[in-house]
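Trainee: what's the 3D shape of this:
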Amino acid sequence: MQELDQNNSFDFSNMHNIDEFIARHDFYILKVASKTAKRYVSKSDEEYSIALLAFYETIQKYDEKKGNFYAFAELIISRSIIDYYRGQSKYKAEIQVEAIEDSHAEMHHDDHLKWEIEAIEQVLNEYNFTFMDLAKFSPKAKKTKYACKEAILFLLNSIELIEQMRNTKQLPVKIIEKKLNIPRKILERHRKYIIAAVEILHGEYPVISEYLSFVKEGENLR
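Mentor: Modelled structure (predicted):
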């Protein structure tokens with residue numbers, strides 16, 4: 001039976017023995033259950049049974065659009081165990097749910113960040129650079145940061161220029177230089193940063209966009 005490939009994708013419709021696949025992931029299921037419960041979970045615990053059913057549910061619901069299979073499985077298992085605790089009437093369980101939900105919210109944020117990075121990486125690859133390139137081309141000096149901000153906001157307020165940028169895979173340097181009087185040297189040196197910021201702020205990347213808050217402050221981007 002085929003395993004998940006290097007990209008953690010798998011066509012479960014072609015799987016002949018789901019039970020065998022689940023059995024090979026016993027340790028993973030116990031690990032996620034224990035992480036959510038904040039204690040060691042054994043196969044005799046109710047949390048294990050819930051996690052097992054949740055893992056099966058993951059297989060039924062999973063498709064590649066949901067991102068990494070294991071991240072999705074962890075999300076489903078955690079939610080199922082939290083729902084189980086929420087259904088308990090004991091005061092101790094209520095305290096436990098609150099603590100777990102705080103941890104789960106952080107994990108959920110991290111998962112979304114990972115998925116957003118994977119998504120924007122595909123967009124930036126079309127411009128022949130990567131998300132990791134941004135650190136190198138991010139503006140450092142205050143004056144340069146302000147100039148880049150002006151260029152980004154200018155593009156975000158022009159659907160036509162965004163479409164032009166996406167079609168040509170080039171930053172419209174001449175137009176920005178002429179309209180905003182920003183030195184060409186700055187625009188060309190920080191071209192990748194400006195393009196990435198426009199794609200992130202114009203797209204659906206709420207977590208990543210938090211790191212561009214200085215661009216959004218006090219401005220109407222749309």
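
Trainee: what about the strands in the protein?
Mentor: With DSSP state E as the definition, the chain shows no strands.

Trainee: the domain parsing of it - what is it?
Mentor: Domain assignment of the chain by automatic domain parsing yields the ranges 12-125, 131-216.

Trainee: Least reliable of the ones you listed by average pLDDT, please.
Mentor: Ranked by mean pLDDT, the domains of the chain bottom out at domain 12-125, with a mean of 75.

Trainee: Hmm, Val139 is touching Lys192, no?
Mentor: Not quite, residue 139 is Pro, not Val. No - assessed by CB atoms under 8 Å, Pro139 is found out of contact with Lys192, at 11.3 Å. Placement of C-beta: from N, CA and C, glycine included.

Trainee: the more surrounded of these two?
Mentor: The neighbour comparison of Pro139 against Lys192 (other CB atoms under 10 Å) goes to Lys192, with 20 against 17.

Trainee: and the more buried one, how far is that from Val198?
Mentor: 11 Å (CB to CB, to the nearest Å).

Trainee: who touches both of those two?
Mentor: With contacts defined as CB atoms under 8 Å, 6 or more residues apart in numbering, no residue is adjacent to both Lys192 and Val198.

Trainee: The closest residue in space to Arg191 that isn't next to it in sequence: how many residues sit nearby?
Mentor: Closest residue in space to Arg191, ignoring its immediate chain neighbours: Leu171 at 4.7 Å, by CB to CB, 6 or more residues apart in numbering. The tally of other residues near Leu171 (other CB under 10 Å) stands at 23.

Trainee: again with Phe27
Mentor: Using other CB under 10 Å, the number of residues around Phe27 comes to 8.

Trainee: likewise Ser42?
Mentor: Residues lying near Ser42 (other CB under 10 Å) number 10.

Trainee: Run through the residues that contact the residue lying closest to Lys149 once chain neighbours are set aside.
Mentor: Ranked by CB to CB, 6+ apart and with sequence neighbours excluded, the top spatial neighbour of Lys149 is Val215, at 5.1 Å. By CB under 8 Å, 6+ apart, the residues touching Val215 are Lys149, Ile152, Leu153, Ala197, Leu201, Leu221.

Trainee: picking that back up, thought the residue nearest to Arg191 was touching Ile162?
Mentor: No - assessed by CB under 8 Å, Leu171 is found out of contact with Ile162, at 11.0 Å.

Trainee: what about Glu160, how many neighbours?
Mentor: The number of residues near Glu160, taken as other CB under 10 Å, comes to 9.

Trainee: Same question for the one 5 residues further on.
Mentor: Neighbouring residues of Met165 were enumerated by other CB under 10 Å; the total is 20.

Trainee: Do I have it right that it meets Val173?
Mentor: No - judged on CB under 8 Å, Met165 makes no contact with Val173 at a distance of 10.4 Å.

Trainee: overlap in contacts of these two?
Mentor: Joint contacts of Met165 and Val173 (CB under 8 Å, 6+ apart) do not exist.

Trainee: What are the boundaries of the helices in the protein?
Mentor: Here the chain has its helices, by DSSP state H, at 18-23, 26-37, 46-61, 69-86, 91-125, 134-137, 142-156, 159-168, 173-180, 184-189, 191-202, 213-216.

Trainee: Of those helices, flag the one that's most buried.
Mentor: Among the helices of the chain, helix 191-202 has the highest mean neighbour count (mean count of other CB atoms under 10 Å), at a mean of 22.
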